[in-house]
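Participant: only geometry, no sequence info:
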Ligand code: TXA
Ligand code: MG
């Protein structure tokens, strides 16, 4: 348990919060919608800690908060429609899902392995000052334990997360009180944007700006629409779970006492395992593909075999196992 500081929204408080974020610590910050649970979006461990603090049972993708459009352009590709929406509604309660840049340097835990990133420039003056002082992208889901209501006051954050995060900045009550609208703009520029979640910016206002009807039927909680899945994080190999030893043609990914060709965490630390997960999925896949060359093809479009050591179903282990079960599931 760590002591959670409540920081005042003054220069000293903002400076302290920016330093904590730079050091990989978690800071809850006020936005105009709800309080966010922030961590450096480029830091795998910090992002793993966000999931740990919230107790999320799966790696849902997170929103990256930035200070301005120039900063956002470092992480995602904008198209004309995205610029139009951004210029009209940012800073403000709308989030744009756009194609992730190859060189973004965003932790794959933020995107949960997707090829897209959700970005937002919040309007709350305290959030803006913190984002400018920090200078980088802040991954921030709502600052509540998983399954509880989103917090709109610093005290709500403290009630739910005290002892699990380094600090919360007290910026008073949130003005909007509902989460940001999420607009999917990552598909073909000829198609209308997809309303992934209604929120702080009214659908009608977006439609009036663009002069078209938004597509609906998307679900921000299940971003699996075609084109959203990042193939290089979905292993191309067959995946077997709960393996203590490997067959000769399998690449073994260890954990704790199970050593393996690679290890999610030799010391059996779930935070380290979560932080490494997407990187190791990719590395193991490359190793498995290389082994196929020597063992011959297997008659499926999947090639190679990866076996994962058992991961305890506690804390972050739940989200890790959820991801691994998806990797092991038969493909449609
Ligand atoms: O107002 C808000 O949006 C607040 C404040 C803190 O900014 N944040 C928030 O975050 O509501 P969260 O994590 O509770 O919700 C983020 C939503 C999730 O439903 C997630 O699935 C969706 O955004 N999302 C994130 N990245 C996505 C992506 N690449 N594609 C589709 N949906 C995505
Ligand atoms: Mg939430």
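Facilitator: Thanks, I have the structure now. Keep in mind it's a predicted model, so treat the numbers as computed, not measured. Ligands and ions are numbered 1, 2, ... in the order given.

Participant: Where do the strands of the stretch 51-200 of the chain begin and end?
Facilitator: Here the stretch 51-200 of the chain has its strands, by DSSP state E, counting those that start in this stretch, at 63-65, 94-99, 116-120, 138-139, 167-170, 181-184, 194-197.

Participant: nearest to residue 30, of the ones you listed?
Facilitator: Between residue 30 and those, the tightest spacing by C-beta to C-beta is seen for strand 167-170, at 6.3 Å. For the C-beta atoms, the positions are set from N, CA and C on the backbone; glycine is no exception.

Participant: In CSV: the strands of the stretch 51-200 of the chain, plus distance to residue 286, mean neighbour count and mean pLDDT.
Facilitator: Output for these, formatted as CSV (distance: least, C-beta to C-beta, whole Å; neighbours: other C-beta atoms under 10 Å; pLDDT from 0 to 100):
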stretch, distance to residue 286, mean neighbour count, mean pLDDT
strand 63-65, 27, 27, 98
strand 94-99, 23, 25, 97
strand 116-120, 23, 27, 97
strand 138-139, 26, 28, 98
strand 167-170, 39, 24, 98
strand 181-184, 30, 26, 96
strand 194-197, 32, 21, 94
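
Participant: Distance to residue 279 added to the ones you listed, as TSV?
Facilitator: TSV is the format used below for those (distance: least, C-beta to C-beta, whole Å):
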stretch	distance to residue 279
strand 63-65	18
strand 94-99	21
strand 116-120	17
strand 138-139	17
strand 167-170	28
strand 181-184	26
strand 194-197	27
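
Participant: And these: which comes nearest ligand 1?
Facilitator: strand 116-120 (3.3 Å; C-beta to the nearest ligand atom).

Participant: Flag the shaky bits of this structure, pLDDT-wise.
Facilitator: Along the chain, segments meeting pLDDT under 70 span 1, 189, 218-234, 293-302, 331-332.

Participant: Between the strands of the stretch 51-200 of the chain, which one is closest to residue 10.
Facilitator: Set against residue 10 and scored by C-beta to C-beta, the strands of the stretch 51-200 of the chain come closest in strand 167-170, at 9.7 Å.
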